[in-house]
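**Q** Dropping the sequence and predicted coords here.
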Amino acid sequence: MIRRFLHSVIDWCFKYSLHISSVAIIILSVIDISNINDWKRSFWGLTDVPLGKILYYPSVIGAVVFGLVGLSNSKNITDLENDNKEKGNKIIDLESALNDSIKEMNELFNSYLTLMIKNLNFGHTERISVYKVFENKFVLIGRASDNPILQRIGRSSYPIDEGFIGKGWAEGEFFVDNLADPSLRNGDTYYNHVNSICNIDRQVVREIKMKSRTYFVYRIKGYDNQPKAVLVIESINQNGFNKAEVVNKLAGVKQPLVMFIEKNNGVKLQPTNNLGLWIIYWI
C-alpha cells in the first residue's frame, strides 16, 4: 500500500516537474524579497535556528532538480513526437506506394478483360465481370465492356447463394440465352422468367442496372484446385452469344485468368482522420 502510494507520488512529481520547479522559483523570489533567508527562531530548547536557510536551500535544490527533470521530460516528449511524425510519414509513403501498386494491378486486370472482350468479338451489348469469393460473398474484382455505361459498377458484392451467380457457383456453370424482354409489362415478364430459374427477390431484379437476356456463369478454380471465383459473361440481347464458342476461346486464356484471380487480394486503401491511411480488405 505504502509502496504504491510512493510510486504514485514519484510519478506525479515527474509529470509535473516543471510546475514544481516554477513554484520553487517563486518561493525563492519571495524569500529574497522578504529577507526570510535571515530569519532565525528559537524553539524546543534550540536557539537561533536558521529557519530562513532551512526554507531557502531546499527551494534552491527543488528548483534546480525539478527544472532539469522537466527539461529532460520535455526533450523526450519532443523526440517522441518527432519520431512518431517521421514514422507516420514513412507509413503514408509505404501505403501510397502500395495503393499505386494495387491500382496498377486492377487496371492491368481490367485491361486483360478488355482483351477478352475483343477476342470474343463482343460489342456494346456485352459485358464480362469477375467476382471473387470473400467472407462468404461475391465481390467484384474486375469488369470490362465496350460500352462504358455497362462497365459502370453497380453492386460491389452479392450473396453467395443468390441469383444466377450463386447458381453458377453451386453447379459449376450456368447458361441461359432466352430470358424475356425486360421492357414487357413493366418488367414483370422478365422477373417471372428469372424467378422461375432461381428464387430471387423482385426488388433485387428491379435494381439490376444491366438486365441481360443471355448469361453465362463459369466457376473458376485456383492453383489448389479449390473454387475461387466466377466469370460472368452477359449480353442484353437474346441469343447474345454461343456458349460453345465462348468456352472454346476461354480455354486458351484460363491460366492467365487464374493467375490474376489468385494475385488479386483486393486490398484497398482509404484515408482516415488519423495519421496516415488504413487498409480495407474487400477482395
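**A** It's in. Numbering: from 1, shown residues only.

**Q** Direction included, what does the helix or strand containing residue 233 pair up with?
**A** Secondary structure from DSSP states H and E places residue 233 in strand 227-235. Paired neighbours of strand 227-235 in the sheet (DSSP bridges): strand 126-134 (antiparallel), strand 214-221 (antiparallel).

**Q** and for that strand, what are the contacting residues?
**A** 120, 122, 125-133, 138, 141, 164-165, 168-169, 210, 212-222, 240-241, 246, 250, 257-258, 261-262 (CB atoms under 8 Å, 6 or more residues apart in numbering). Backbone N, C-alpha and C define where each C-beta goes, glycine included.

**Q** From the opening residue of stretch 151-163 to its closing one, how far?
**A** Distance between the two ends of stretch 151-163: 20 Å, counting by CA to CA, to the nearest Å.

**Q** With stretch 175-189 instead?
**A** So stretch 175-189: terminal residues 19 Å apart, CA to CA.

**Q** repeat for stretch 132-149
**A** 22 Å.

**Q** For that stretch, list every residue counted as buried.
**A** Neighbour-count burial for stretch 132-149, with 16 or more other CB atoms under 10 Å as criterion, is recorded at 132-134, 138-145, 147.

**Q** tell me which of the residues you listed is nearest to residue 189?
**A** Of all the buried residues of stretch 132-149, residue 147 has the smallest distance to residue 189: 24.0 Å, by CB to CB.

**Q** wait, residue 142 sits on residue 116?
**A** No: with contacts counted by CB atoms under 8 Å, residue 142 stays clear of residue 116, the gap being 10.1 Å.

**Q** Show me where this protein has its strands.
**A** For the chain, applying DSSP state E gives strands covering 41-43, 46-49, 126-134, 137-144, 157-159, 173-176, 214-221, 227-235, 267-271, 277-281.

**Q** So which elements touch the fourth one?
**A** Spelled out, that is strand 137-144. For strand 137-144, the packing partners by 3 or more CB pairs under 8 Å, 6 or more residues apart in numbering; DSSP states H and E come out as helix 51-119, strand 126-134, strand 157-159, helix 163-171.

**Q** and the angle for it with strand 227-235?
**A** Interaxial angle, strand 137-144 versus strand 227-235 (axes from the mean of the first three to the mean of the last three CA atoms, to 10 degrees): 50 degrees.

**Q** Kindly export strand 137-144 (C-alpha atoms) in PDB.
**A** C-alpha atoms of strand 137-144 as PDB (Å, rounded to 0.1, in the frame of the first residue of the first chain):
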ATOM      1  CA  LYS A 137     -20.000 -13.400 -50.500                       C
ATOM      2  CA  PHE A 138     -19.100 -12.500 -54.100                       C
ATOM      3  CA  VAL A 139     -17.100  -9.300 -54.500                       C
ATOM      4  CA  LEU A 140     -16.400  -7.700 -57.900                       C
ATOM      5  CA  ILE A 141     -12.700  -7.600 -58.700                       C
ATOM      6  CA  GLY A 142     -12.800  -6.800 -62.400                       C
ATOM      7  CA  ARG A 143     -15.100  -5.700 -65.200                       C
ATOM      8  CA  ALA A 144     -14.900  -4.800 -68.900                       C
END
